[in-house]
Each structure stands twice: as structure tokens, then as C-alpha cells.
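# Using only what follows, build the 3D model:
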Amino acid sequence: MSEVSGQSKLLLTRQLKELTKRPVEGFSAGLVDDNNIYEWEIMILGPHDTLYEGGFFRALMTFPHDYPLMPPKLKFTTAMYHPNVYPNGEVCISILHPPGEDKYGYEKASERWSPVHTVETILISVISMLSSPNDESPANIEAAKELRENYPSFKKKVQRLARRSAEEM
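Residues are numbered from 1 along each chain as shown. Next up is the predicted model:
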């Protein structure tokens, strides 16, 4: 085991213990398999006063072995319709993009991944994303277009998904 990998395991173990001891409102986190600290199951509660309210959205957070130098990936396993979530469920927000300059010039380096982020700060950002979609740089172009051009239809789809996710609990 490399030194970086060993440090990432210690850091992830510490973050998991902290979240277990002091849960944060809006989500829960745990390991998919007790023998793999690099894959977490996440449950995000649809934030109050949003179209996602009442929903229970499952996701997988997969950490690279060089975490926290590089960001984890977060992918919803529950159906999700959102401008900043690819149709395959993968979340697209700036803090989950690799550190450094954006080759397309859309994001500042300061908006991208930094080792100061924790599971808690990532998930708070995802909850914020659910509350305030960014349709300027969409991962799901169809959802962004529908949000802008046919909000009633977008709202209906999202609320249906939220209800369905609650029924599947």
C-alpha cells in the first residue's frame, strides 16, 4: 500500500466516524462494503422548499486512492432529473472537477476541487445544487432546456421522481 493510499484510508475513516458521531441534516452516509473505504452509499433527502422535497435519493460516492488530492465521483442510483446531473446519474458540479485551470475557461481554479473539501462539504454542495440548478453549464441539456422553456413540465417530472423515490424506501 502506498503512503498516499494509506493516508486517504485514514482520512476517509476519520470523516466517516465524524459523520456517524455528528450526523448532518439532509443526508446520511455509510460504506457499501465494510471492507472498502473507497465506496460510500449516500442518501440525500430532497431539500425543503424545492421540487425535490420529500424525495429520498440514493447515490454512490467513489473515492480515488489519491483522495484528497483528487476529487471523488458522485453518481445518483435513484432516478434523477436535474440540469447538473448527467442522464446516467453522475453529478457535475465544479468542486468535483479535478483541481487546476479549466481547459474550457468556464470555471476558475478556485471553484474546482481542493483537498480542503470533505464528504460533508461535497454533500452540502449537492444539496445546494438541488435547490439552485445551474442551467448555464448543464450536464443534462434536456433538463436545462425544459427548466428554462417549460417549467411546469420540468416541475411535474421532478416531483414525480421525488414521490417515486419516497415510495421505494
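# Isn't H97 up against K108?
No - in this structure H97 lies outside contact range of K108 using CB atoms under 8 Å: 11.0 Å. C-beta coordinates here come from the backbone N, C-alpha and C atoms, glycine included.
# between those two, which one's more packed in?
Taking other CB atoms under 10 Å, H97 and K108 do not tie; H97 has more neighbours (16 against 10).
# Tell me where this structure has strands.
27-31, 39-45, 56-62, 73-76 (DSSP state E).
# what pairs with the second one, and is each one parallel or antiparallel?
If I follow you right, that is strand 39-45. strand 27-31 (antiparallel), strand 56-62 (antiparallel) (DSSP bridges).
# quick one: buried residues of the last one?
It stands for strand 56-62. Neighbour-count burial for strand 56-62, counted by 16 or more other CB atoms under 10 Å, picks out 56-61.
# now what about it, what contacts it?
Outside strand 56-62, the residues within contact range by CB atoms under 8 Å, 6 or more residues apart in numbering are 29, 32, 38-46, 72-78, 80, 89, 91, 119, 122, 126, 165-166, 168-169.
# ok, now stretch 133-142?
The contact list for stretch 133-142 (CB under 8 Å, 6+ apart) reads 81-87, 90-92, 106, 143-144, 147-148.
# and these, which are buried?
By neighbour count, with 16+ other CB under 10 Å, the contacts of stretch 133-142 hold 81-86, 90-92, 143-144, 147 as buried.
# how about those in TSV, adding pLDDT and distance to S131?
Formatted as TSV, the buried ones among the contacts of stretch 133-142 follow (pLDDT from 0 to 100; distance: CB to CB, whole Å):
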residue	pLDDT	distance to S131
Y81	98	15
H82	98	11
P83	97	13
N84	97	11
V85	98	14
Y86	97	19
E90	98	19
V91	97	14
C92	94	16
A143	97	15
A144	97	16
L147	96	13
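# can you name the two of these that are farthest apart?
Taking CB to CB as the measure, the buried ones among the contacts of stretch 133-142 span a maximum distance of 18.5 Å, between E90 and L147.
# Grab the longest helix from the chain for me.
Counting by DSSP state H, the longest helix found in the chain is helix 3-21.
# tell me the angle of that helix relative to strand 39-45?
Per axes from the mean of the first three to the mean of the last three CA atoms, to 10 degrees, the angle that helix 3-21 makes with strand 39-45 is 30 degrees.
# Helix 3-21 packs against which elements?
Judged by 3 or more CB pairs under 8 Å, 6 or more residues apart in numbering; DSSP states H and E, helix 3-21 is in contact with strand 27-31, helix 119-131.
# Format the CA atom coordinates belonging to that helix as CSV.
What follows is helix 3-21, C-alpha atoms only, in CSV (Å, rounded to 0.1, in the frame of the first residue of the first chain):
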residue,chain,number,x,y,z
GLU,A,3,1.8,6.2,1.5
VAL,A,4,-0.9,8.3,-0.3
SER,A,5,-3.3,5.4,-0.3
GLY,A,6,-2.7,4.8,3.4
GLN,A,7,-3.3,8.4,4.2
SER,A,8,-6.5,8.5,2.1
LYS,A,9,-7.8,5.5,4.0
LEU,A,10,-7.1,7.2,7.4
LEU,A,11,-8.7,10.4,6.2
LEU,A,12,-11.8,8.7,4.9
THR,A,13,-12.1,6.6,8.1
ARG,A,14,-12.0,9.8,10.1
GLN,A,15,-14.6,11.5,8.0
LEU,A,16,-16.9,8.6,8.2
LYS,A,17,-16.6,8.4,12.0
GLU,A,18,-17.2,12.1,12.3
LEU,A,19,-20.4,11.9,10.2
THR,A,20,-21.6,8.9,12.2
LYS,A,21,-20.9,10.7,15.5
